[in-house]
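Sequence and predicted structure, then a few things I'm wondering about:
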Amino acid sequence: MLEKLRNIFQVPELRRRILFTLALFVVYRLGEHIPTPGVNAAALTAAFRSQANTLFGMYDMFVGRAFSRATIFALGIMPYISASIILQLLGAVIPYFEKLRKEGDEGQKKITQLTRYGTVIISVVQSLAYCMFLVNLGASQGLAVVPQPGLGFYFSTVITQTAGTILVMWLGEKITEFGIGNGISLIIFVNILGGLPNAVAAAIDSWRGGNLNLLQVGGMLAIIIAVVAAVVVMTQATRKIPVQYAKRMVGRRMYGGQSTHIPLRVNTAGVIPIIFASSIMVLPTTIAGFFPPSSPIAAMGQWFTRTSIVFNVLYAAIIIFFTYFYTAVVLNPNDLAENMRKYGGFVPGIRPGRKTAEYIDKVLSRITLPGAIFLALIAVLPDLLLAFFKVPALAFGGTSVLIVVGVALDTLQQVESHLLMRHYEGFVKRSRLRGRQRM
């Protein structure tokens with residue numbers, strides 16, 4: 001392990017990318033501790049205890065506990081993810097956005113720009129809802145969370161939260177461009193890991209206080225180990241479709257004739273469906289935040305607590321939907337079949353072209369179903385355990401482990417890709433040097 005770490009930091013480009021990523025993480029963590037003006041932090045902490053097991057508690061986990069502390073990064077990266085969801089959905093139903101998606105780099109730049117504009121609009125709406133949530137939360141519990149809830153507070157909070165979200169979005173894009181891994185996913189990864197020490201401390205306090213016995217602690221550890229192992233297995237699981245390339249003569253050389261395969265991942269969508277579903281599930285409670293606690297619409301927000309049946313059923317259904325949807329977006333069977341046909345490839349026993357596309361689509365649909373059900377079960381498992389056993393420490397799991405393990409594996413794969421590219425670059429340079437010496 002130490003030898004592998006030393007190899008990573010011996011590659012100048014990879015070392016620079018890792019240090020750049022760590023530096024931006026430091027900037028982000030500093031921003032999570034800058035408070036929003038006009039909020040009584042002590043009163044908010046006391047008032048937010050009643051929201052620990054609600055959807056706001058899960059949202060707070062994704063933003064590194066910045067939501068419950070009312071810092072400038074309280075909204076985190078979630079508005080950007082919501083904007084991405086909207087653009088993805090529009091790309092499936094509106095031809096203009098579908099055309100942009102197929103235009104390559106230029107189309108992607110346009111989609112990225114539209115996503116940024118959408119992030120600003122959603123940030124303004126969510127920050128306004130956040131202001132109302134803070135005011136109503138303090139009023140419902142008789143605490144002065146916002147001592148002066150006037151127009152000045154609303155204006156300054158909307159500006160602060162929107163600017164904070166834009167900064168987080170910028171940090172994520174810069175990590176993706178100049179750092180290592182996907183910046184947006186890594187930000188959520190860091191936020192979840194930031195809450196791990198508190199979860200471990202809460203479990204230790206519960207054990208010392210007598211709320212947990214050794215059997216329950218052992219059961220919690222067994223569940224965590226089993227979930228991590230299952231996530232790793234499902235993340236790495238693939239269905240290999242054999243591909244045979246026909247021989248062809250190009251000039252005086254014979255090409256093709258070899259056998260290979262197309263690896264279709266069981267969980268092609270990765271952690272994206274969980275993040276998408278969480279963003280969607282925040283909308284009802286966000287809308288309820290616009291209304292006072294006595295309003296019937298505000299009471300509807302109670303249906304979306306993490307331990308409610310309505311929440312878990314809808315959450316699982318949306319995860320399954322987004323698993324299929326995102327898989328269809330990132331992996332097009334028609335494109336795969338067309339590329340295979342261009343290079344003389346075919347699946348043994350299947351005709352090239354449309355029949356191959358139908359076969360790939362059939363296989364992809366079958367292997368996506370267990371992957372989607374697995375994601376849904378892993379996501380709702382901690383909430384079900386929390387509802388049955390009433391142990392808050394069990395709430396850390398499922399979604400958290402899935403995102404942490406998935407992002408960690410993706411990042412490690414990118415690190416390995418950089419090391420492999422570095423190896424090939426060195427080989428090419430040595431070959432050129434030998435060629436010059438022979439000349």
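Structure received.

Give me the pLDDT value at F388.
Looking at F388, its pLDDT is 62.

cool, the one 3 residues further on as well?
Confidence at V391, expressed as pLDDT, is 55.

Also M1?
pLDDT for M1: 53.

So R265 is in contact with T238, correct?
Yes - here R265 reaches T238: they are 5.3 Å apart, a contact under CB atoms under 8 Å. Quick note: C-beta positions are derived from backbone N, CA and C, even for glycine.

could you list every residue that touches the residue nearest to T157 when sequence neighbours are not counted?
Nearest residue to T157, sequence neighbours excluded (CB to CB, 6 or more residues apart in numbering): C131, at 4.9 Å. Contacts for C131 (CB atoms under 8 Å, 6 or more residues apart in numbering) come out as 146, 149, 153-154, 157-158.

R265 and T238 - which one has more neighbours?
Each of R265 and T238 has its neighbours counted (other CB atoms under 10 Å); R265 has more, 19 against 14.

measure that one to G118 for me?
Distance of R265 to G118, computed by CB to CB, to the nearest Å: 29 Å.

and if you look at I280?
Counting by CB to CB - I280 and G118 are separated by 15 Å.

likewise Y245?
In terms of CB to CB, Y245 sits 43 Å off from G118.

for I318, same thing?
I318 is 20 Å from G118, where distance means CB to CB.

what mean pLDDT would you report for whichever strand or helix holds F155?
Assigned by DSSP states H and E, F155 belongs to helix 151-178. When pLDDT is averaged over helix 151-178, the result is 92.

just checking, next helix/strand downstream of that helix?
Next element after helix 151-178 (DSSP H and E): helix 183-194.

For the helix or strand just after that next one, buried residues please.
Counting by DSSP H and E, the next helix or strand C-terminal to helix 183-194 is helix 196-208. Of the residues in helix 196-208, 199, 202-203, 206-207 count as buried by neighbour count, 16 or more other CB atoms under 10 Å.

I'd say M78 and M61 touch.
No - the criterion here is CB under 8 Å, and M78 misses it with M61 at 11.3 Å.

what's the closest residue to L143 other than its chain neighbours in contact with, if anything?
Of all residues beyond its chain neighbours, the one nearest L143 is A43 (4.3 Å), with distances taken as CB to CB, 6+ apart. Contact analysis of A43 by CB under 8 Å, 6+ apart lists 138, 143-145.

Looks like A46 contacts L143 (just checking).
Yes - counting by CB under 8 Å, A46 does reach L143; the two are 6.1 Å apart.

For the stretch 151-300 of the chain, which residues score under the pLDDT cut-off?
Counting by pLDDT under 70, the low-confidence segments of the stretch 151-300 of the chain come to 211-212, 247-257, 279, 282, 285-294, 297-300.

Now G91. Nearest residue, chain neighbours left out?
That would be F97: by CB to CB, 6+ apart, it lies 4.1 Å from G91.

What are the phi and psi values at that neighbour?
phi -70, psi -30 (degrees, to the nearest 10).

what about it, distance to I224?
For F97, the distance to I224 (CB to CB) stands at 41 Å.

Over to T160?
Taken as CB to CB, the span from T160 to I224 is 37 Å.

Comparing the two, which shows the higher neighbour count?
T160 (21 against 17).

doesn't T71 make contact with the more buried one?
No - between T160 and T71 there is no contact under CB under 8 Å: 9.4 Å.

shared neighbours of these two, which are they?
What both T160 and T71 touch, as defined by CB under 8 Å, 6+ apart, is the set T36.

right, and I320 touches A376 too?
Yes - taking contacts as CB under 8 Å, I320 lies within contact range of A376: 5.5 Å.

circling back: would you turn the contacts of A43 into CSV with distance to V39?
Listed next are the contacts of A43 as CSV, based on distance: CB to CB, whole Å:
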residue, distance to V39
G138, 9
L143, 11
A144, 10
V145, 7
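
ok, so of those, who is nearest S123?
V145 (21.1 Å; CB to CB).

Report the contact partners of A237.
Neighbour list for A237: 265-267, 371 [criterion: CB under 8 Å, 6+ apart].

The nearest residue to V330 once chain neighbours are set aside in helix, strand or coil?
Excluding the flanking residues, the one nearest V330 by CB to CB, 6+ apart is T268, at 6.5 Å. Following DSSP: H, G, I helix; E, B strand; the rest coil, T268 is assigned to coil.

Report the separation between T268 and G349.
T268 is 24 Å from G349, by CB to CB.

ok, now V380?
40 Å.

where along this structure do the strands fall?
238-245, 248-250, 253-255, 259-265, 345-346 (DSSP state E).

Columns distance to I122 on top of those strands, output as CSV?
CSV is the format used below for these (distance: least, CB to CB, whole Å):
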stretch, distance to I122
strand 238-245, 36
strand 248-250, 52
strand 253-255, 51
strand 259-265, 30
strand 345-346, 43
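
Ok, which of the ones you listed comes nearest S308?
So among these, strand 259-265 is nearest, using CB to CB, at 32.3 Å.

What strands flank that closest one, and is each parallel or antiparallel?
strand 238-245 (antiparallel) (DSSP bridges).

ok, and what's touching the strand it pairs with?
For strand 238-245, contacts defined as CB under 8 Å, 6+ apart pick out 256-266, 340, 343-348, 360, 363, 367.

Report the contact partners of the closest residue in space to L87 that isn't next to it in sequence.
Among residues not flanking L87 along the chain, T115 sits closest, at 5.4 Å (CB to CB, 6+ apart). Contacts for T115 (CB under 8 Å, 6+ apart) come out as 80, 83-84, 87.

Apply 6 Å and report the result again.
Contacts for T115 (CB atoms under 6 Å, 6 or more residues apart in numbering) come out as 83-84, 87.

between the residues you listed, which is nearest F276?
S84 (8.2 Å).

More neighbours: Y245 and G118, which one.
More crowded of Y245 and G118, by other CB under 10 Å: G118, with 19 against 16.

Isn't the more buried one up against S84?
No - in this structure, G118 is not within contact of S84 by CB atoms under 6 Å, at 8.2 Å.

Find the residues that touch each one of those two.
Contacts common to G118 and S84, judged by CB under 6 Å, 6+ apart, are absent.

What residues does the nearest residue to G179 once chain neighbours are set aside make contact with?
Nearest non-adjacent residue to G179, counting by CB to CB, 6+ apart: T21, 3.5 Å away. Counting by CB under 6 Å, 6+ apart, T21 makes contact with 175, 179-180.

just these now: which is nearest P296?
Nearest to P296 among those, with distances taken as CB to CB, is I175, at 43.1 Å.

What's the local residue count around that closest one?
Neighbourhood size, I175 [other CB under 10 Å]: 25.

go on, the one 3 residues further on?
Around F178 there are 13 other residues, counting by other CB under 10 Å.

related to what we said a few turns ago, I'd like the contacts of T115 written out as a markdown table, with pLDDT added.
Shown next, in a markdown table, are the contacts of T115 (pLDDT from 0 to 100):
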| residue | pLDDT |
| --- | --- |
| A83 | 88 |
| S84 | 85 |
| L87 | 84 |
